[in-house]
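In: how would this look folded up:
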Amino acid sequence: MKRVRVPDESFVGKLSARGQVVIPQPLREWAELREGTRLTFTPQPDGSIVIRRMAPDTTRFGKLRGAWQDEATTVAERLEDVRHPSWKPLPSEGED
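Out: Numbering: from 1, shown residues only. Model prediction:
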C-alpha cells in the first residue's frame, strides 16, 4: 500500500441536511477511503470530533456480510434454502 505524503493543508467538508458528511476527495484518496468504509466519530472534551477509519472486519462472518442479496428475509428461510435447494432448469435459448 503506497500512500502519498500527508497533506499539509486543511480541508473543509460539508454536513448535509440528512446529517451526511462529505470528506474532501484529496483526503479520501490519501486515506484510501472507499464506499462502505466504516468510520468512528469520537467526541472530545473541547468540542472537536476525531474521525478514525475502523479496521476491516476480517472474521469469517464479516467476509460473508452481504453475500446473499436476494428475497429470503428470515434466517429460517435462508436455512431452508440451504438445506433443501430448489433446482430450477435453465431457460432454453430464446426463452426468458
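In: what helix or strand is residue 41 located in?
Out: strand 39-43 (DSSP states H and E).
In: let's see stretch 13-22 as CSV, backbone CA atoms only.
Out: C-alpha atoms of stretch 13-22 as CSV (Å, rounded to 0.1, in the frame of the first residue of the first chain):
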residue,chain,number,x,y,z
GLY,A,13,-16.1,19.3,4.5
LYS,A,14,-19.8,19.8,4.5
LEU,A,15,-22.7,18.4,6.5
SER,A,16,-25.8,17.7,4.5
ALA,A,17,-29.4,18.3,5.7
ARG,A,18,-29.6,14.5,6.3
GLY,A,19,-26.5,14.5,8.5
GLN,A,20,-24.2,13.1,6.0
VAL,A,21,-20.6,14.3,6.0
VAL,A,22,-18.7,14.9,2.7
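In: numbering from 44 from now on, please.
Out: Taking 44 as the first residue, the last one we looked at is stretch 56-65.
In: can you pull out the residues in contact with that stretch?
Out: Applying Cβ atoms under 8 Å, 6 or more residues apart in numbering, the contact partners of stretch 56-65 are 66-67. C-betas here are computed from N, CA, C, even on glycine.
In: now that stretch: mean pLDDT?
Out: For stretch 56-65, the mean per-residue pLDDT is 89.
In: hang on, the earlier thing: direction included, what does the strand holding residue 84 pair against?
Out: Sheet pairing of strand 82-86 (DSSP bridges) gives strand 92-96 (antiparallel).
In: run through who's touching the partner strand.
Out: Contacts of strand 92-96 (Cβ under 8 Å, 6+ apart): 74, 76, 80-87.
In: let's go with 10 Å and repeat that
Out: Contacts with strand 92-96, where a contact means Cβ atoms under 10 Å, 6 or more residues apart in numbering, come from 56, 64, 66, 70, 74-76, 80-87.
In: which of those residues are buried?
Out: residue 74 (16 or more other Cβ atoms under 10 Å).
In: out of the contacts of strand 92-96, which is nearest to residue 136?
Out: Using Cβ to Cβ, residue 80 is the member of the contacts of strand 92-96 that lies nearest residue 136, at 42.7 Å.
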